[in-house]
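**Q** Fold the following.
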Amino acid sequence: MRPPRLSLSLPVTLLVVASCAKVGDGDGGGDTEPRGSCELPASHEPPSCGSIAIEDRDIEIASCEDFDYAELPDGCWKLTGTLTITGQSVTSVARLAGLKQVGGLILEDTGLVTFDSGAEVKVRGGIVARDNPELADLSSLAFEDQLDGFILEDNPHLESIGGLTAVDTLVGKAIISKNRRLTRVELAARTIGSLTITDNLALVDVAVPNLDSIGEGEATFRYGDVKIERNPLLTAFAMPRLRTVAGTLSIVETGLSTLGTFGAGLVVDWDVAIKNNMNLTDVGEVSRARSVDGTIEISDNGLLPCQTAREVGCCVEAGGFIAEANALPSCTTSGAAWCKSSWGFQCHH
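**A** This is a model prediction of the structure:
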């Protein structure tokens, strides 16, 4: 059984999978014919939900044969632990008929197109979906308003993040990376531990309209980053209520012409990097940020006027400021920043 790679950064409650040894050689509870198949037998009838069994354990399925040994309940049931599905031979989870809820879900290197257990399954803790070459759909999964976090990485056919859009609080990391058919990311979350959106080659739109903090609050990581990097077709970006980033803010190699809007008086506790955005002509609210404790670097943005970059250095209190290789190699001394009547010693940098 190939163990999943669990060197992830979600909370331990999701990622530590207990021993899930195969139990017995019998029927394992319920109709399991034909043995060794991921599909349900033709004679299978939908389970009765007169009562719901509670399975207080973790379950790992690494092949279709594992369904025969997992001792799955006959009727409707909830799993308090983590359900881990691995292996490209697992092309269906129809044998999980009756499953209503899991504590956490890991789908890694499977052959699944969708989570086809026959009914909606609620995920309470968090989800990891990674390296699934055929996975296209998460619509059969529902999520609690507060999740430990999620990772959606290297799923080349995934076109939507499904019910994750509606989650209110993400305690840990939200990672969306290398999903080359994903075109839009919308998150309703007000608080996120950290947000990474990288290497999604078809992504054109990121909207997080309610987000007010990254990495702040008792339920989140102390140091949370926002990384929007290497999404070459990204042209729309909005986080209009974001006021606090407890880590770094990085916008690198996108198709953005403007950084859109952030919340008024943005505070970043570490660095800001705005680099290699070849269509960028406007930095939006970044020039009106309240403070950046680390260094602001605005470099290699081929269409960004030098004066626009310089305005950020002038008006934002920061630990350091670098601006180079933008539209002009050097700035003129004429003109004024929005915060000053003229350039000069009054500027921060």
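
**Q** ok, residue 99 touching residue 74?
**A** No - with contacts counted by CB atoms under 8 Å, residue 99 stays clear of residue 74, the gap being 12.0 Å. Every residue, glycine included, has its C-beta placed from N, CA and C.

**Q** For the two, indicate the residue with more neighbours.
**A** residue 99 (25 against 13; other CB atoms under 10 Å).

**Q** Bridging across strands, which residues link to the more buried one?
**A** Using DSSP bridges, the bridge partners assigned to residue 99 are residue 77.

**Q** List the contacts of it.
**A** Remark: with contacts taken as CB atoms under 8 Å, 6 or more residues apart in numbering, residue 99 is in contact with 76-79, 83, 117, 119, 121.

**Q** out of the residues you listed, which are buried?
**A** 76-79, 83, 117, 121 (16 or more other CB atoms under 10 Å).

**Q** Show me the shaky parts of the stretch 1-150 of the chain.
**A** 1-35, 42-44 (pLDDT under 70).

**Q** Now with 50, please.
**A** Of all residues in the stretch 1-150 of the chain, those with pLDDT under 50 make up the ranges 1-33.

**Q** would you list every one of the strands in the stretch 151-300 of the chain?
**A** Here the stretch 151-300 of the chain has its strands, by DSSP state E, counting those that start in this stretch, at 169-177, 184-186, 191-198, 205-207, 213-214, 226-231, 236-238, 244-245, 249-254, 267-268, 272-275, 291-299.

**Q** Now mean pLDDT and mean neighbour count too, for those strands, in JSON lines please.
**A** Shown next, in JSON lines, are the strands of the stretch 151-300 of the chain (pLDDT from 0 to 100; neighbours: other CB atoms under 10 Å):
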{"stretch": "strand 169-177", "mean pLDDT": "95", "mean neighbour count": "24"}
{"stretch": "strand 184-186", "mean pLDDT": "98", "mean neighbour count": "19"}
{"stretch": "strand 191-198", "mean pLDDT": "96", "mean neighbour count": "24"}
{"stretch": "strand 205-207", "mean pLDDT": "96", "mean neighbour count": "19"}
{"stretch": "strand 213-214", "mean pLDDT": "93", "mean neighbour count": "25"}
{"stretch": "strand 226-231", "mean pLDDT": "97", "mean neighbour count": "22"}
{"stretch": "strand 236-238", "mean pLDDT": "94", "mean neighbour count": "19"}
{"stretch": "strand 244-245", "mean pLDDT": "94", "mean neighbour count": "24"}
{"stretch": "strand 249-254", "mean pLDDT": "97", "mean neighbour count": "22"}
{"stretch": "strand 267-268", "mean pLDDT": "95", "mean neighbour count": "22"}
{"stretch": "strand 272-275", "mean pLDDT": "97", "mean neighbour count": "22"}
{"stretch": "strand 291-299", "mean pLDDT": "96", "mean neighbour count": "19"}
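
**Q** Name the nearest residue to residue 88, sequence neighbours excluded.
**A** Among residues not flanking residue 88 along the chain, residue 111 sits closest, at 4.3 Å (CB to CB, 6 or more residues apart in numbering).

**Q** I'd guessed residue 58 sits against residue 81; true?
**A** Yes - in this structure, residue 58 is within contact of residue 81 by CB under 8 Å, at 3.8 Å.

**Q** re the thing from before, run a quick neighbour tally on the residue nearest to residue 88.
**A** 17.

**Q** can you pull the contacts of it?
**A** Applying CB under 8 Å, 6+ apart, the residues near residue 111 are 87-91, 132-134.

**Q** can you check residue 252 too?
**A** 227-230, 273-277.

**Q** Now name the helix or strand holding residue 79.
**A** Using DSSP states H and E, residue 79 sits in strand 76-86.

**Q** That strand packs against which elements?
**A** strand 52-55, strand 59-61, strand 99-108 (3 or more CB pairs under 8 Å, 6 or more residues apart in numbering; DSSP states H and E).

**Q** quick one: which of the buried ones among the contacts of residue 99 is nearest residue 62?
**A** Using CB to CB, residue 83 is the member of the buried ones among the contacts of residue 99 that sits closest to residue 62, with 12.0 Å.
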